[in-house]
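Chemist: When you get a sec, could you give me coordinates for this:
(chains A and B)
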Amino acid sequence: MDWMQELEKILNNVSLDKSASLISAIDKADQLKEGFDVTLKIGVLRNYTIEGIEPYLKYHLYKSGIKAEVHFGNYDMILQEVMDPESHFSKNKPDLIILSLKLESFLPDYETGNWNFHDVRGQLSELLIQVMNNVSGPLVINNFISPFYSMNGIIGDVAENSNQRRIQRLNSFIEDFAAKNSSQVMLANWERIIRKLGEELSIDYRFWYSSKSPFKKDFLNEYAKVVANIGKILAGKVKKCLVLDCDNTLWGGIIGEDGMDGIKLDNHEFPGKVYYDFQKSILLLAERGILITLCSKNNEEDVMDVLENHPHSLIKRKHLAAWRVNWKNKAENIISLSEDLNLGLDSFVFVDDSEIECDLVKKMVPEVDVLQVPKKIYLLPSLLMTHGQLDTLTETNEDRQRTILYQTDAKRKEASKSFATIDEYLYSLDLHAKIHLVEDQEVARVAQLTQKTNQFNLTTKRYTEQDIQQFGKLTDNAVLSLTVQDRFGSSGLTGVLIAKKENSTGYIDSLLLSCRVLGRKLEYAFVDYCLKYLEGQWSIAKWMAEYMPTKKNAQVANFWSEMGFQIVEQQEKKSIYFLDGSPQQIIDTTFIKINE
Amino acid sequence: MEEKVKEIMSLIFNVDIEDITEDSSPDNLENWDSLRHMNFVNALEEEFDIELTDEQVTEMMNFKLVLAVLKEISPSSA
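Modeler: So this is what the prediction gives:
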């Protein structure tokens, strides 16, 4: 049995209602060593007992094939942990840091009301800044849970300086802090978790007073989910594309039988509004860069007729990156969509009302995440909002234009069919590449590309915006970006090279290209240009580069050889290459105009 | 009930059921620390649909005592 099956078997035994099943499964999963392509080290800074979160964190990460190591800093020693480079916490170099603050520990006498808002906000601000500046990874903070009971009675509760209102103001401050530092800081919204679960399911007063451990398992689980989703995004386990069924998914009823007037989609009726609201949630995702596709057993004209002509259909043809409206097997259709869009199957989320279709897709393409339309149809609108992996840590221009970019790609593909040779086609594209050191407004997109690119990625190192900014500041580091345009339009920022200078050698830390621009030999022109540029800047003529194999990047296994590098060392986890002198352009890329 | 408690202990403390004796306690089970004790309490409460008091939580520090506490709460299932 391979590790993936074994892991799945272990996790399938878990019922989150049964602590024993969870604890035992995590013990077993922790013993699995082989197979994981990502290990995420999570460091927890805290002022109360939060160790109980560990199995939940691990559970949600294991479910995405990520091995997690969780390390807890000493109880209420937050600044000591981060400021001392020799502390266990610092030495452990976590990839993701949780700063978990409980108000009762931060401000032990808060119930009395004898505290000065400005002083406390100042202390909090100081703590947040110190932690942020002293850790090198993304930081998840939380807001506070405002009191369940009024300490000051009915009248006192609404007073300007009541605990309730001052804590809400502290929360606004915390939220502002996260917003202002969004390249590094994310918020785990405790207030929202509490609102959802309530006091009864969240707070364990018994263990709070006896062991300083305030949260019940439902709260820990929700908190862990938020952090795990951030971890998944950092580890590149993101979903990029929705595949939607139509009948009884995008609208109620069957278009082929009920016709345009019979299907339910009216904003003012039930269940029409349910489907209307579901469509709304899909468009919000589209705006954030998730690709929308259809996979429906129908006549294509009927479906397009609804999209274009139904007065309540929010989703239009222009929102779709691709579609398969036919009578073929849905698993085959999804595979064909994945080939067409050049996206891995594990970045797809499939939504369908039919149990049979859902089971078929689960069985034939297990990489695809399958969501079945809830039997309680009124729960449909929140289906995608609670998914968590349809998210990014940054928002970029490319996200907002992604559907258009993919639609242009479809036109390109169509055009390529009319040429006899690939070279003729490439010449016809009139390719222009812009290559330069990363600019401020590009940092978010560059970080996002390092987080999302799996296929053409030589080392698969994931970076945050903050990391990219740091590289940009150091003189012996360079981050170069590639922006591509051709006669069909712009493909946006789609390539990144990160290099460091060590003595007289250039070291290529990262090289990646979005799958959207592959097949146009841009990678050769990009690397050739970057290396020559940096040789001039750094006065060097030797290069070291690496290829680190993952399950996804086999296509670039020989890239450095193709660029004229010699292999010097081949290990299981990485191959090291060396190039003495400038790269020799072996592959003809004269059809690409650079910085013209 | 005894068997169920043994099963839970085996899962939470990662030991074989056969190795659990009357005297199994934090002193001789490596994984029975204060954190897993809380997990253990949760697991017992889930299994038997009970709520343990703080006193009972601190009292049940070996297998024999756990059974005693549970029997005290619901003598019928003993």
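
Chemist: Mind naming the longest helix for the chain?
Modeler: Using chain A. If you go by DSSP state H, chain A has its longest helix at helix A:397-416.

Chemist: hmm, I had chain B in mind actually
Modeler: Secondary structure of chain B per DSSP H: the longest helix is helix B:34-48.

Chemist: is any part of that helix close to chain A?
Modeler: Yes: Helix B:34-48 reaches chain A (CB under 8 Å from any CB of the partner chain) through B:34-36, B:38-39, B:42-43, B:46-47. Where C-beta positions appear, they are placed from N, C-alpha and C, glycine not excepted.

Chemist: Tell me which residue lies nearest the centroid of chain B.
Modeler: B:V66 (4.8 Å; CA atoms, centre = their mean).

Chemist: Need the contact partners of the one helix or strand that residue maps to.
Modeler: Using DSSP states H and E, B:V66 sits in helix B:63-73. Helix B:63-73 is contacted by residues B:1-2, B:5-6, B:9, B:20-25, B:44, B:48, B:50, B:52, B:56, B:59-60, B:77-78 when judged by CB atoms under 8 Å, 6 or more residues apart in numbering or on different chains.

Chemist: what about it, average pLDDT?
Modeler: For helix B:63-73, the per-residue pLDDT values average out at 93.

Chemist: Buried residues, that helix. List them.
Modeler: B:63, B:66-67, B:69-70, B:73 (16 or more other CB atoms under 10 Å in any protein chain shown).

Chemist: give me every residue that touches A:A541.
Modeler: So A:A541 contacts A:504, A:535, A:580-582 (CB under 8 Å, 6+ apart).

Chemist: Tabulate the residues of helix B:34-48 next to chain A in CSV, adding columns for neighbour count and pLDDT.
Modeler: Putting these into CSV (neighbours: other CB atoms under 10 Å in any protein chain shown; pLDDT from 0 to 100) gives the following:
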residue, neighbour count, pLDDT
B:S34, 12, 92
B:L35, 15, 92
B:R36, 21, 95
B:M38, 22, 95
B:N39, 23, 96
B:N42, 22, 96
B:A43, 24, 96
B:E46, 17, 95
B:E47, 17, 94
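
Chemist: Any chance of a markdown table for the residues you listed, columns distance to A:T403?
Modeler: Below are these laid out as a markdown table (distance: CB to CB, whole Å):
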| residue | distance to A:T403 |
| --- | --- |
| B:S34 | 53 |
| B:L35 | 48 |
| B:R36 | 50 |
| B:M38 | 49 |
| B:N39 | 47 |
| B:N42 | 46 |
| B:A43 | 48 |
| B:E46 | 46 |
| B:E47 | 51 |
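
Chemist: okay, among those residues, which ones form the most distant pair?
Modeler: Spatial extent of the residues of helix B:34-48 next to chain A (CB to CB) is set by the pair B:S34 and B:E47 at 20.5 Å.

Chemist: Identify the residues contacting stretch A:306-313?
Modeler: A:246, A:250-251, A:255, A:260, A:263, A:265-267, A:272, A:276, A:279, A:315-317.

Chemist: Distance from that stretch to the middle of the chain?
Modeler: Distance of stretch A:306-313 from its chain centroid, counting by CA atoms, centre = their mean, to the nearest Å, is 32 Å.

Chemist: now do stretch A:79-95
Modeler: Distance, centroid of stretch A:79-95 to centroid of chain: 26 Å (CA atoms, centre = their mean).

Chemist: got the buried residues for that stretch?
Modeler: By neighbour count on 16+ other CB under 10 Å, the buried set for stretch A:79-95 is A:81-82, A:89-90, A:94-95.

Chemist: The residues you listed in strands, which ones?
Modeler: In this view, the buried residues of stretch A:79-95 have no member that belongs to strands under DSSP state E.

Chemist: which one among those gets closest to A:E126?
Modeler: A:V82 (12.7 Å).

Chemist: Report the contact partners of the closest one.
Modeler: Going by CB under 8 Å, 6+ apart, A:V82 touches A:45, A:89-90, A:130-131, A:134-135.

Chemist: 6 Å - rerun?
Modeler: Neighbouring residues of A:V82 by CB atoms under 6 Å, 6 or more residues apart in numbering or on different chains: A:131, A:134-135.

Chemist: In helices, which of the residues you listed appear?
Modeler: Counting by DSSP H, the contacts of A:V82 place A:131, A:134 in helices.

Chemist: and the contacts of A:V82 as CSV, adding neighbour count and pLDDT?
Modeler: Formatted as CSV, the contacts of A:V82 follow (neighbours: other CB under 10 Å; pLDDT from 0 to 100):
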residue, neighbour count, pLDDT
A:V131, 21, 96
A:N134, 16, 93
A:V135, 22, 92
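
Chemist: Residue 23 - how many residues pack around it?
Modeler: Picked chain A for this. For A:I23, the neighbour count with other CB atoms under 10 Å in any protein chain shown is 24.

Chemist: Please refer instead to chain B.
Modeler: B:D23 has 10 neighbours, counted by other CB under 10 Å.

Chemist: Distance of the residue nearest to it when sequence neighbours are not counted relative to A:I203?
Modeler: Take B:D23 and drop its neighbours on the chain: the residue closest to it by CB to CB, 6 or more residues apart in numbering or on different chains is B:N62, 5.7 Å away. Separation of B:N62 from A:I203 (CB to CB, to the nearest Å): 29 Å.

Chemist: longest strand anywhere in chain A?
Modeler: Longest strand in chain A, counting by DSSP E: strand A:489-502.

Chemist: Adjacent strands (with direction) for it?
Modeler: Using DSSP bridges, the strands paired with strand A:489-502 are strand A:477-486 (antiparallel), strand A:505-513 (antiparallel).

Chemist: Of the ones you listed, which is nearest A:L431?
Modeler: Across these, closest to A:L431 is strand A:477-486 (CB to CB), at 4.9 Å.

Chemist: Mind listing what's buried along the closest one?
Modeler: When burial is assessed from 16+ other CB under 10 Å, strand A:477-486 yields the following buried residues: A:478-486.

Chemist: so it versus helix A:397-416, what angle?
Modeler: 50 degrees (axes from the mean of the first three to the mean of the last three CA atoms, to 10 degrees).

Chemist: related to what we said a few turns ago, quick check: next helix or strand after the longest helix of chain A?
Modeler: Following helix A:397-416 toward the C-terminus (DSSP H and E): helix A:422-428.

Chemist: What lies in contact with that following helix?
Modeler: Residues from elsewhere that reach helix A:422-428 (CB under 6 Å, 6+ apart): A:416, A:419, A:591.

Chemist: Write out the residues of the stretch 1-150 of chain A neighbouring chain B.
Modeler: A:18-20, A:23-24, A:27, A:51 (CB under 6 Å from any CB of the partner chain).
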